[in-house]
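here's my sequence, what's the structure:
(2 chains)
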Amino acid sequence: MSRLPLMRRGLDAAIARRNGQTITAAEFIHQARWLAERLRREQHVINLCQDRHTFSLAFAGAILAHATTLLPANRLPDTIDALVNRYPGSLILSDQPIEGLYHRQLDPGEALEQTGQADRIPEIDESLLAAVVFTSGSTGPSSAVRKPWRTLHDSSLINAAEYGPREMTELVATVPPQHMWGLETSVLLPWFGPAIISSAQPFYAADIIALVERLPRPRALISTPVHLRNLAESGLDLPAMDRVYSATAPLGAQLAGQLERLTSAEVTEVFGCSEAGCLAWRQAADDEPWRLFKAFALDQHRDRFRVRADHLPEPVELLDHLEMLAEDRFRLAGRHADLVNIAGKRASLSELTQRLLDIRGVTDGVIFQPPASGDGRVTRLAALVVAPQLSERQIRQALSQRIDPAFMPRPLRRVPALPRAESGKLPQQSLVHFYRQVCEPAR
Amino acid sequence: MSAEQTPNERKLAELIVESLNLEDIEPEEIEPEKPLFGDEYGLDSIDALELALAISKTYGVQLKADDEKNRHVFANLRALNAHIESLRG
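Residues are numbered from 1 along each chain as shown, chains lettered A, B, ... in the order given. Alright, predicted model coming up:
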């Protein structure tokens, strides 16, 4: 059994800032050990902590207790219920009470009050299943991505070398730690590279600016196109930054260029997926091709592209189509048609449609992605529903219990029938044509 | 408290419907004290960002989430309108 360190930072290195306090690696490990003592009988924990530092501490505590952390795609009671059913006895770790949840819960906050210093960096069994990341609300095997400690350890070192800060840098992140992009950057990067993460998760443009302004340089922002567009269009003066990182959706060269002018930061776009983690980067403002990380290799298998790397448990099929320019250079060329990604959340249109059809009173229906508006805004899904006895409001309410708000169709229209072909199929072209007839006069 | 929209609440309701492309809802249908987020109108955090941007452009005020009070700002149309009015002083 081979062992790998929990982190590769000096014991006295600062790794996080929370409420004006700086936390060193030695203090962090001391607190994580204290928490691990309380988790040592646990096999699975569900980490729903909202405070980033508390999340990190609970994650480290679970790893030290040899427990697997489950990271659901959302906090809907249905999602958590399904997760606990699939992993019976799971303990929920949350720093805030969660409405509608009646499973075993522990607030790890008490660990933050433990004063003391660890005298060494713990070593972890590399085969420990440290995390299972769920890519959608469904908890089935298609959604569960297994992350042994070796995978997280190695990918963190790869990230630090490929795009991480070169010198000690203050990091602020707008992304949740439960999402793979947030986990790899805002939780793991400071464990493996010269970075100090702020515990806060600023949301509005004014919050991000206020937080970044208080930090010494060099400083960097880890975010998504949704937050960055909001920041760039806020009309507020943006503080100078050294680096801006974006992932989860295409950033666009124009927005990247605007951000570079407004913040003087280098804007780095990172490409990846929950299964493989981050795997390529580019300077978005120049619209340059993606550069594959050195540790990865790409090949094509039937109509899908695959990545492989020594630290991944198995090769990963990508959901995106690529245009290969060289062995390690590519451009993105569309996605597999059934899969949608809205603000970093992934769903299958056929699964969403099935949830719609599961509603009592719905006799036919479809959830699909209308053509993009092209103005950089998030394009929402649309639904056409046949349900003679239900109102649109009733359908919306029933659906909102079953699917993540990001995928709630907007508009949702009741129609007498769908334009199905004789075979029963619903060709995309006639669907879009029909949708325009039904929905666009309303604008 | 009245379930009727005040004139300022009506203007804000129009901004919400327009900025979020809420094709399914008419401005006058937004009940002042019903939650904006969650089941009824189905708004989420992407909408909150979009709406904050529209509010800053229309009213010249910036929403923040930095204190406990602000967690309730978006609770409903009435609370949001009152918050915007307090920021405008």
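
the helix or strand hosting residue B:79 - what's its average pLDDT?
Assigned by DSSP states H and E, residue B:79 falls within helix B:77-88. What helix B:77-88 shows for mean pLDDT is 90.

same question for stretch A:330-339.
Rounded mean pLDDT across stretch A:330-339 is 81.

now stretch A:365-377
Per-residue scores along stretch A:365-377 average to 78.

quick one: neighbours of the residue nearest to residue B:77 when sequence neighbours are not counted, just the number.
Sequence neighbours aside, residue B:32 is the residue nearest to residue B:77 in space, at 4.7 Å (criterion: C-beta to C-beta, 6 or more residues apart in numbering or on different chains). Where you see a C-beta, it was placed from the backbone N, CA and C, and this is true even at glycine. Residues lying near residue B:32 (other C-beta atoms under 10 Å in any protein chain shown) number 20.

ok, now residue A:361?
Residues near residue A:361, counting by other C-beta under 10 Å: 13.

next: residue A:431.
So residue A:431, with other C-beta under 10 Å, has 18 neighbours.

ok, now residue A:435?
Neighbours of residue A:435 using other C-beta under 10 Å come to 21.

any idea how far it lies from residue A:291?
With distances taken as C-beta to C-beta, to the nearest Å, residue A:435 is found 38 Å from residue A:291.

list the buried residues in the helix holding residue B:79.
Across helix B:77-88, burial judged by 16 or more other C-beta atoms under 10 Å in any protein chain shown covers B:77, B:78, B:79, B:80, B:81, B:83, B:84.

same check on stretch A:23-40?
A:23-36, A:39.

these in strands, which ones?
Applying DSSP state E to the buried residues of stretch A:23-40, the entries found in strands are A:23, A:24.

from the buried residues of stretch A:23-40, which single one is nearest chain B?
Comparing the buried residues of stretch A:23-40 against chain B with C-beta to the nearest C-beta picks out residue A:23 as the nearest, at 20.9 Å.

how about the nearest residue to residue A:245 once chain neighbours are set aside, phi and psi?
Leaving out its chain neighbours, the residue that sits closest to residue A:245 by C-beta to C-beta, 6+ apart is residue A:222, at 4.7 Å. Per-residue torsions, residue A:222: phi -110, psi 120 (degrees, to the nearest 10).

then residue A:48?
phi -110, psi 10.

hmm, back to that, state the distance from the residue nearest to residue B:77 to residue B:76.
Relative to residue B:76, residue B:32 is positioned 6 Å away (C-beta to C-beta).

could you do residue A:385 as well?
Residue A:385 is 27 Å from residue B:76, by C-beta to C-beta.

so which of the two has more stuff around it?
residue A:385 (25 against 21).

on the three-state scheme, that one is what?
strand (DSSP: H, G, I helix; E, B strand; the rest coil).

that one reaches residue A:413, doesn't it?
Yes. Using C-beta atoms under 8 Å, residue A:385 is in contact with residue A:413, at 7.1 Å.

common neighbours of those two, please.
Common neighbours of residue A:385 and residue A:413, counting by C-beta atoms under 8 Å, 6 or more residues apart in numbering or on different chains, are residue A:392.

and residue A:350, what does it touch?
Contact analysis of residue A:350 by C-beta under 8 Å, 6+ apart lists residue A:338.

pLDDT score assigned to residue A:440?
68.

wasn't residue A:241 part of a strand?
No. Counting by three-state DSSP, one finds residue A:241 to be coil, located in no strand.

can you tell me how far it is from residue A:54?
Distance from residue A:241 to residue A:54, by C-beta to C-beta: 26 Å.

what do you get for residue A:268?
28 Å.

over to residue B:53?
According to C-beta to C-beta, residue B:53 and residue A:54 sit 30 Å apart.

what about the closest residue to residue B:42 other than its chain neighbours, neighbour count?
Leaving aside its chain neighbours, residue B:42 sits nearest to residue A:408 (4.7 Å; criterion: C-beta to C-beta, 6+ apart). By other C-beta under 10 Å, the residues close to residue A:408 number 23.

residues contacting residue A:408?
The contact partners of residue A:408, by C-beta under 8 Å, 6+ apart, come to A:380, A:381, A:396, A:399, A:400, B:42, B:44.
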